[in-house]
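1. My questions concern the predicted model and sequence given below.
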Amino acid sequence: MRRAIALAGLLALGACQPPPLKAPGNPGVCWRLAEAANGKADFKPFAYNVENLENCAVQLEGAHLANRTPMFGAFQGRIIYVDDQEISAAADGRSQRYRVFTPAQRAKIDEAFKTLRDRQGAGG
């Protein structure tokens, strides 16, 4: 009996939670999560003709480096998380995340963005 009551309580609690965040599945579009006019979060196109999740993650990392704020994006049904600790992806807002780049790979990406920024600042 106790188990039935506990299970009913868990099911009721689960019903109160919002549905997990779902990423758009449009092929080749890198999305960025942004606040919509109604105040709710919504995915907006960030880049087109993107080959894969890794390339989308790199573009979101560039925005993270420029803005120094965490970035949330999506590519073909996967959510991408970019913050100071790592770049990771997941199937939805409740799924386990997996690392997209190792720390060494991310350091190379960040160095490439720094080099590009320095060249642009020098006018070249």
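-> Received the coordinates, thanks. Numbers count the residues shown, from 1 in each chain.

2. mind listing the strands in the chain by residue range?
-> For the chain, strands defined by DSSP state E occupy the ranges 30-35, 41-47, 71-75, 78-82, 87-90, 98-99.

3. per-residue pLDDT, the spatially most central residue of the chain?
-> Taking Cα atoms, centre = their mean, the centroid of the chain lies closest to residue 80, which sits 2.3 Å from it. Residue 80 is assigned 97 on the pLDDT scale.

4. Tell me who's in contact with it.
-> Counting by Cβ atoms under 8 Å, 6 or more residues apart in numbering, residue 80 touches 53, 56-57, 60, 71-74, 87-89, 100. For the C-beta atoms, the positions are set from N, CA and C on the backbone; glycine is no exception.

5. And it, how far from residue 49?
-> 17 Å (Cβ to Cβ, to the nearest Å).

6. remind me which residues of the protein are low pLDDT?
-> Within the chain, the ranges that satisfy pLDDT under 70 run 1-20, 123-124.

7. again, only using 90
-> Low-confidence segments of the chain (pLDDT under 90): 1-22, 34-42, 92-94, 116-124.

8. would you list every one of the helices in it?
-> For the chain, applying DSSP state H gives helices covering 2-16, 53-67, 103-121.

9. what distance separates the second one from the centre of its chain?
-> The chain centroid and the centroid of helix 53-67 are separated by 9 Å under Cα atoms, centre = their mean, to the nearest Å.

10. Which other helices and strands does that helix contact?
-> strand 30-35, strand 41-47, strand 71-75, strand 78-82, strand 87-90, helix 103-121 (3 or more Cβ pairs under 8 Å, 6 or more residues apart in numbering; DSSP states H and E).

11. and which of the contacts of residue 80 is nearest residue 41?
-> residue 72 (8.1 Å; Cβ to Cβ).

12. tally of neighbours for the closest one?
-> 19 (other Cβ atoms under 10 Å).

13. measure the closest residue to it other than its chain neighbours to residue 77 for me?
-> In space, and not counting its chain neighbours, residue 72 is closest to residue 33: 3.9 Å by Cβ to Cβ, 6 or more residues apart in numbering. From residue 33 over to residue 77 the distance is 14 Å, taken as Cβ to Cβ.

14. That's all I had, so thanks and see you.
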